[in-house]
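K.L.:
Quick one: sequence plus predicted model below, questions after.
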Amino acid sequence: GDISLLSQQIDITIDDRYASLTYSYRFSNGNAHNASALRYSLSIQPNTFVSYFVAELNGKIFRGQTKEKQEAQSEYNSAVDLGLNAVLLSQDHDANVVLIDTNIEAGGVAVLNITVEQFMLRRFGYYELALIVSNFYDDTYDVRSQFEHTAVTIDLHDAYGNITFVDVIAAANTAYNITNLAPDRIHVDMSVAKTAEVDNVDVSTEQLIVVRYKTNGMTQNNQLMVEPANTSAATFMHIFSYEEETALPRRVVFVLDKSGSMGITKWESAVRATIGAIQDLSDDDRMNLILFDAEVTVFADAMLQVTTNVRADSIAWIESYSSGSSTNLYDAMIAGLQLIEADIEANENAFAYINQVILVTDGQPTAGVTDSTEIQNGIFTANEALHPAMAAIFCLGIGEDSGVNWVSALNYPLLRSIATQNDGWDIRVKQSETETVLSDYYQILKSPVLGFITLQYTSNIATDAQQQLTVHSLTRNTFRGLYAGTDIVVCGKLTSDGDAPVAMTVTEVAISLTAYRMTQRLSVETRVEVVANSGGVDESAAIVERIWAYLQLKHYRETLDNPRLSATQESAYEAQALAIALKYELVTPWTSMLVVDDAQPTTTPNVTDTDRGQELDDYQNSLDLMSRSGIYSKDAGDSTTQSDSDQSERSSVRNI
């Protein structure tokens, strides 16, 4: 093709668990006579959001403008028709893929800076950041990269505790150097070598890199942050975890796709990971297995108490099958929910177990019920029959390793809707990573510590002036389960009462928790002190408010998947989501970001709720870094990779 990718770089800052990742690309159009267009995708992790975009088009800097989705698409199409430089960032309901349409005029150069943000939750007891590095050389995008290495830099700071452990998990083609700058500061340099092409075979063009760390202050069960600190209205973020050594017992049904499209590689990877999950089952758990292609095959007629013999028999049973024909997903899922329903009725206690259905599939439903809406509604209705102990449904979709098939070959929007409607999680995985990712997924799901959780925040909130405050605009505050080593985050708004609100300083917030541990109902009321701003985060950036906006949009997206919503309710939620996305300038299913080189470049952008003016100056000053491609040695200089045994972690726990 005419377009080349001259360089790419990823710069990351992590400040008190808030991560900002900037992906920088430099493209050129080798056609001196005609404009050339390129569409590619940027894969981002769940719980991240595109927040900012700057393009340098032939030496002029433009800030991306957030617009309603159809409006942005129309303006982009008009720019393409005129042969203008233009860039469009968009997102469908698949929140893990950002589509980037770029039109570069004849002989032109485009430098794109795309920033995604996230608040880092705990996973397996670590604060964990995952990023995807793309090599961009495959024929799918019709673009060739003109560089050998991708530079990745990470600046990590955590003011709430000394950093006691840092690790990088990456493929062999990634070299890295970890430097301790201070007890609470770490710098990481990485260089990702481009994977060699093999006879133009379409191999994986994206690599997953995981950075994880621990601090000696991360064992707190409750943290509360409020921003701005002194105002008549503020936003709060409550981070809740629960430490319990004993996991709750589960009813778990594994539902595995063995259709022909799974083939040998995906099927065997899924089987190996599932065998590991079966071996990890507790003797207190109850389980069953369902395999499906055109037909649905069930391991046992009813849920089984896990024993040594049940583990061995179920493993032998699943190993005896191979991939088959078409995909009857609907009947398999209904069968799984009916197994749990019958077991609840037989045991006469809805809250004795955490109920889970774990679906692993790679394709479109092609047998039985195939209409997506009918599938979603039928599964939701079947799960409602389990009320009040509805099952959490977790969906893992296996896609291709590269190219457009990574996005389009799998009906991921269907899987996402099934998971969100039924209070589960969804994830898309490349076929080459199936066993690793699925094994990690199973490891999290095996350790529920609380079930059927509700967090409430009362209006009687203490301030330094003993004012009465109103709590409103909560993000999602009910959860089917909480798992060991993970967090729950709830955000909301605080407003001082009275006709003439005055500035307030919130010192603590009253919180009530209800949850279940087996048959025991927990009901706790407590007051949580507000964590003082560390000074490491610029308050003007309104970090907590941006997290609130993202979680609220996520909640709206999940709510809109509810098949019980009326048309009027859908319209109301859509309107609220659009308003929030436009106000906070985020790329969402309702909004896109657009740059068109048909006007004066941005030199001093308008200051809005999210003031990004300084970033344009920072971006201009850092353009020379785009060519950086040095290789860093794991063993060089003062690099250190710490382990848990190297550090003594001090606990600072405020129990709920």
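P.N.:
Thanks, I have the structure now. Numbers count the residues shown, from 1 in each chain.
K.L.:
Which residue is the nearest non-sequential neighbour of the spatially most distant residue from the centre of the chain?
P.N.:
Relative to the centre of the chain, the most outlying C-alpha is that of residue 33, 41.6 Å out, by Cα atoms, centre = their mean. Nearest residue to residue 33, sequence neighbours excluded (Cβ to Cβ, 6 or more residues apart in numbering): residue 106, at 5.4 Å. Using the backbone N, CA and C atoms, a C-beta is placed for each residue, glycine as well.
K.L.:
Please list all residues in contact with that neighbour.
P.N.:
When contacts are counted by Cβ atoms under 8 Å, 6 or more residues apart in numbering, residue 106 is found next to 29, 31, 32, 33, 34, 35, 83.
K.L.:
and the second one, what helix or strand is that in?
P.N.:
This points to residue 31. Element membership for residue 31 (DSSP states H and E) is empty, with no helix or strand holding it.
K.L.:
That one against residue 37, yeah?
P.N.:
No - using Cβ atoms under 8 Å, residue 31 is not in contact with residue 37; the gap is 11.0 Å.
K.L.:
any idea what residue 390 is structurally, helix, strand or coil?
P.N.:
With DSSP: H, G, I helix; E, B strand; the rest coil as the basis, residue 390 sits in coil.
K.L.:
Go ahead and confirm it touches residue 383.
P.N.:
Yes - counting by Cβ under 8 Å, residue 390 does reach residue 383; the two are 5.0 Å apart.
K.L.:
ok, residue 236 - contacts?
P.N.:
Shown in contact with residue 236 (Cβ under 8 Å, 6+ apart): 224, 225, 226, 457, 491, 492, 493, 494, 506, 509, 530, 544.
K.L.:
if you set the cut-off to 10 Å instead, what comes out?
P.N.:
Counting by Cβ atoms under 10 Å, 6 or more residues apart in numbering, residue 236 touches 224-227, 457, 461, 471, 474, 490-494, 506, 509, 528, 530, 544-545, 548.
K.L.:
With residue 84 instead?
P.N.:
Taking Cβ under 10 Å, 6+ apart as the criterion, residue 84 is in contact with 35, 57, 76, 78, 103, 104, 105, 108, 596, 597, 598.
K.L.:
can you rerun that using 7 Å?
P.N.:
103, 105, 596, 597, 598 (Cβ atoms under 7 Å, 6 or more residues apart in numbering).
K.L.:
Narrow the residues you listed to just the buried residues.
P.N.:
Buried members of the contacts of residue 84, counted by 16 or more other Cβ atoms under 10 Å: 103, 105, 596, 597.
K.L.:
mind checking the backbone torsions on the second one?
P.N.:
Listed backbone geometry of residue 105 is phi -70, psi 170, with angles given as degrees, to the nearest 10.
K.L.:
ok, back up a step: mind checking the SS state of the residue farthest from the centre of the chain?
P.N.:
Once three-state DSSP is applied, residue 33 turns out coil.
K.L.:
separation between it and residue 39?
P.N.:
21 Å (Cβ to Cβ, to the nearest Å).
K.L.:
what about residue 470, how many neighbours?
P.N.:
Residues lying near residue 470 (other Cβ atoms under 10 Å) number 12.
K.L.:
and the gap between it and residue 233?
P.N.:
Taken as Cβ to Cβ, the span from residue 470 to residue 233 is 10 Å.
K.L.:
so what sits against both of those two?
P.N.:
Counting by Cβ under 7 Å, 6+ apart, the contacts common to residue 470 and residue 233 are residue 495.
K.L.:
excluding its backbone neighbours, what's nearest residue 455?
P.N.:
residue 477 (4.8 Å).
K.L.:
At which residues are the helices of the chain located?
P.N.:
69-81, 263-279, 308-319, 329-347, 372-384, 405-408, 412-421, 434-445, 543-560, 567-584, 613-621 (DSSP state H).
K.L.:
Out of those helices, which is closest to residue 250?
P.N.:
helix 434-445 (8.0 Å; Cβ to Cβ).
K.L.:
in that closest one, what's buried?
P.N.:
434, 435, 437, 438, 439, 440, 441, 442, 443, 444, 445.
K.L.:
cool, stretch 545-559 as well?
P.N.:
Of the residues in stretch 545-559, those buried (16+ other Cβ under 10 Å) are 545-559.
K.L.:
now stretch 122-136
P.N.:
The neighbour-count check on stretch 122-136 (16+ other Cβ under 10 Å) flags 122-123, 125-136 as buried.
K.L.:
got a list of contacts for that stretch?
P.N.:
The contact list for stretch 122-136 (Cβ under 7 Å, 6+ apart) reads 5, 10, 14, 17, 19, 21, 43, 45, 120, 143, 145, 150, 192, 194-195, 205-214, 218, 241, 485-487.
K.L.:
Might you calculate how far it sits from the centre of the chain?
P.N.:
10 Å (Cα atoms, centre = their mean, to the nearest Å).
K.L.:
Please name the bridge partners of the residue nearest to residue 181 when sequence neighbours are not counted.
P.N.:
Closest residue in space to residue 181, ignoring its immediate chain neighbours: residue 187 at 5.7 Å, by Cβ to Cβ, 6+ apart. Beta bridges link residue 187 to residue 155, residue 179, judged by DSSP bridges.
K.L.:
For residue 187, give its distance to residue 15.
P.N.:
13 Å.
K.L.:
same deal with residue 69?
P.N.:
31 Å.
K.L.:
if we can go back for a sec, flag whichever of the buried residues of stretch 545-559 scores worst on pLDDT.
P.N.:
Ranked by pLDDT, these bottom out at residue 558, which has 78.
K.L.:
what number of residues lie near the nearest residue to that one once chain neighbours are set aside?
P.N.:
Closest residue to residue 558 apart from its sequence neighbours, by Cβ to Cβ, 6+ apart: residue 420 at 4.1 Å. By other Cβ under 10 Å, the residues close to residue 420 number 23.
K.L.:
try residue 182
P.N.:
A count of nearby residues for residue 182, using other Cβ under 10 Å, gives 9.
K.L.:
got the contact list for residue 87?
P.N.:
55, 100, 102, 110, 112, 595.
K.L.:
what pairs with the first one across the strands?
P.N.:
Meaning residue 55. Under the criterion used (DSSP bridges), residue 55 bridges to residue 62, residue 112.
K.L.:
Make sure it is actually in contact with residue 62.
P.N.:
Yes - using Cβ atoms under 7 Å, residue 55 makes contact with residue 62 at a distance of 5.0 Å.
K.L.:
quick one: which of those two has more around it?
P.N.:
More neighbours surround residue 55 than the other of residue 55 and residue 62, with 27 against 23 (other Cβ under 10 Å).
K.L.:
quick one on the thing from earlier: buried only: go through the contacts of residue 87 for me.
P.N.:
55, 100, 102, 110, 112, 595.
K.L.:
which one of the residues you listed is nearest residue 565?
P.N.:
Nearest to residue 565 among these, counting by Cβ to Cβ, is residue 100 at 31.3 Å.
K.L.:
contacting residues around the nearest residue to residue 472 once chain neighbours are set aside?
P.N.:
Excluding the flanking residues, the one nearest residue 472 by Cβ to Cβ, 6+ apart is residue 493, at 5.2 Å. Contacts of residue 493 were listed using Cβ under 7 Å, 6+ apart, and they are 233, 235, 472, 473.
K.L.:
No more questions from me, cheers.
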